[in-house]
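Engineer: model this:
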Amino acid sequence: MKVYKDKSDEQLISLYVDGKNEAFDALLERHKDRLYMYIYHAVKNEDAADDIFQDTFVKAIMTIKQGKYVENGHFPAWITRIAHNQIIDYFRQTKAENSQSTDDDDVNILNRKELCGGTVEDDIVLTQIHDDVRRLVKVLPDNQREVLIMRYYKNMSFKEIADATGVSINTALGRMRYAILNMRRIAEERNIILTM
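Structural biologist: This is a model prediction of the structure:
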């Protein structure tokens, strides 16, 4: 093993291709700690990290043995990219395993609030929020109210607002910013909640 310690990664790979299995052992020893920590920090699970680490080096061995590894002096980046792809596969597989089937009689995955059309209470709260927003807009200074209405109700760009009001784009942006800040301040002072 000491014979291989001074060899570069590329030299170790060449020796491994030539049948010197100890060369790959030296390569593994050189990069295992950094690569394992990279994997572990991504998956936060020791067993999964061990499996991904092993799969990464198996894939690397197969690629090298098939003559598909291109020597470019970046073995650490190459092996990390393989590990990264294995991590992505792990998360995809975990997600697929955690999804529920609609065939299961015990679980109704469609019985969730976010999939419902909304309740009467939700409609009432939303109507109240819209009314509160309209009242807040009415108390804004004229120039701020004008920009806010053009932007949110008329869907105009800041360039169009600047042209329509005869001010610079920066001035239009500033008025919009102050309009939003003022609305937040007034809502807070009056204990108006603008979220559902």
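Engineer: rest of the way, CA atoms for contacts and neighbours
Structural biologist: Noted.
Engineer: all helices for this structure, in order.
Structural biologist: 9-17, 21-43, 46-65, 75-98, 120-138, 142-148, 158-165, 169-189 (DSSP state H).
Engineer: tell me which of those lies nearest to residue 195.
Structural biologist: Nearest to residue 195 among those is helix 120-138; the distance by Cα to Cα comes to 7.3 Å.
Engineer: return the distance of the closest one from the chain's centre.
Structural biologist: 33 Å (Cα atoms, centre = their mean, to the nearest Å).
Engineer: against which helices or strands is that helix packed?
Structural biologist: The contact analysis (3 or more Cα pairs under 8 Å, 6 or more residues apart in numbering; DSSP states H and E) places helix 120-138 against helix 169-189.
Engineer: got the angle for the helix it packs on vs helix 120-138?
Structural biologist: Per axes from the mean of the first three to the mean of the last three Cα atoms, to 10 degrees, the angle that helix 169-189 makes with helix 120-138 is 120 degrees.
Engineer: in the lowest-mean-pLDDT helix or strand in the chain, which residues are buried?
Structural biologist: When the helices and strands of the chain are scored by mean pLDDT, DSSP states H and E, helix 120-138 comes last with a mean of 82. Neighbour counts over helix 120-138 (16 or more other Cα atoms under 10 Å) mark 129, 132, 133, 136, 137 as buried.
Engineer: also stretch 180-191?
Structural biologist: Buried-residue list, stretch 180-191, by 16+ other Cα under 10 Å: 180, 182, 183, 184, 187.
Engineer: could you give the average pLDDT over it?
Structural biologist: Average pLDDT, stretch 180-191: 87.
Engineer: do stretch 51-71 as well
Structural biologist: Rounded mean pLDDT across stretch 51-71 is 87.
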